[in-house]
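1. Sequence first, then the predicted structure:
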Amino acid sequence: GLLLVGKDVSYLSTEIKQGVLANISFYDQQGNAINSTLGAVAMPPAIAAEQLALIVENQERSSLVRKVSAGSSDYHEILGVWRTSRGDVLGLYGTALPRTLLIRIANDYRFQLALWVILAILVVIILGLYLANRITAPLVRLIRAASAVAGGNLNVQVDTSGADEIGLLVASFN
C-alpha cells in the first residue's frame, strides 16, 4: 500500500472505498478503530489483543477474517498490517464486505457453474448420440439386407457410404 503524506485518514478511507467498492477501516496499534467508512452506521469494534498479535505475526502467510456487525448489517472484514516504508507498524486496516453480498456472489457462481456443467453434459450426450447413429445406421442397413437374403431375396444391395471398416464389410456383402 501507499500512504500519502498530508492526506487525512478519513479522506484515504473514502477514496479507497470508492476504488475497491468495499468498506475500509483503520485501526491504531492497540486495535481501536480510528476511522471507518462503516462509521456512518457504527464504528467497528476494537480488535482483540490476541487477534492483533496473530495478524502482525502471520501477515506474510495469511490474513485474518472476522465478522463485524454495524447497524443492522453483518460484514466479513479482512485485516492487514498498516506499515511505513521502513516497516514500522502504524496500525491495522480492514476491508469489509457485507456477508449477504459474499453469499449472493457465491450462489451466483454456483448457479453459473451448475449451468455450465449441465450444458457440457448435454453436449456430450448429443455428440454421443450423433456418433452412435453414424456408426449403427450402416450396420442396421446391413442387418436388414442380411435378413432379406435369409428370406430368399438374393438381389439385395446395400449402399456403400464409407471407406472405413463398415464400408468394407458392406462392399464384401454386396
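-> All right, it came through fine. Residues are numbered from 1 along each chain as shown.
2. pull the longest helix from the protein.
-> Counting residues, the longest helix found in the chain (DSSP state H) is helix 99-150.
3. and after it, which helix or strand comes next?
-> Once the chain leaves helix 99-150, the next helix or strand it forms, by DSSP states H and E, is helix 165-173.
4. Determine which residue of this protein is most distant from the centre point.
-> For the chain, the largest distance from the centre (Cα atoms, centre = their mean) belongs to residue 152, which lies 65.1 Å off.
5. sorry, back to before: how big is the angle separating the longest helix of the chain from helix 165-173?
-> Angle of helix 99-150 versus helix 165-173, following axes from the mean of the first three to the mean of the last three Cα atoms, to 10 degrees, is 10 degrees.
6. Mind checking the pLDDT average for helix 99-150?
-> Helix 99-150 carries an average pLDDT of 84.
7. So which other helices or strands are in contact with that helix?
-> When contacts are defined as 3 or more Cβ pairs under 8 Å, 6 or more residues apart in numbering; DSSP states H and E, helix 99-150 packs onto strand 73-83, helix 165-173. Every residue, glycine included, has its C-beta placed from N, CA and C.
8. most packed of the ones you listed?
-> strand 73-83 (a mean of 18; mean count of other Cβ atoms under 10 Å).
9. just the angle between that strand and helix 99-150, please?
-> Relative orientation of strand 73-83 versus helix 99-150 (the same axes, to 10 degrees): 110 degrees.
10. next one: strand 73-83 to chain centre, how far?
-> What separates the centre of strand 73-83 from the centre of its chain is 22 Å, taken as Cα atoms, centre = their mean, to the nearest Å.
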